[in-house]
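> the sequence isn't on hand, but the structure is:
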């Protein structure tokens, strides 16, 4: 079994929604399946994709009450 995880830190000029959309699009293209950006931003415990992979995301809140997002796992 191959397991890998990534942790990214971004400071987008146009808000976190821009990054969420890009990640959802990239994962969707890779898996050949639509990935809902809103659901991704809210956190996905476990989503089985058509290519056999599993997507997990977490959404946490920083001290300033801003969303701090970790994608995908």
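Perfect, thanks for sending it. Treat the numbers as computed from the prediction; the structure is a model and nothing was measured. Numbers count the residues shown, from 1 in each chain.

> contacts only, for residue 30.
Residues in contact with residue 30 (Cβ atoms under 8 Å, 6 or more residues apart in numbering) are residue 51. Any C-beta I mention is one placed from the backbone N, CA and C, and that applies to glycine too.

> what about it, distance to residue 50?
Residue 30 sits 11 Å away from residue 50, going by Cβ to Cβ, to the nearest Å.

> give the residues shared as contacts by those two.
Counting by Cβ under 8 Å, 6+ apart, nothing touches both residue 30 and residue 50.

> what is the neighbour count of residue 54?
11 (other Cβ atoms under 10 Å).

> wait, it touches residue 44, no?
No. Using Cβ atoms under 8 Å, residue 54 is not in contact with residue 44; the gap is 9.5 Å.

> in the longest helix along the chain, what counts as buried?
As assigned by DSSP state H, the longest helix anywhere in the chain is helix 16-31. For helix 16-31, burial by neighbour count (16 or more other Cβ atoms under 10 Å) applies to 16, 19-20, 23-24, 27-28, 31.
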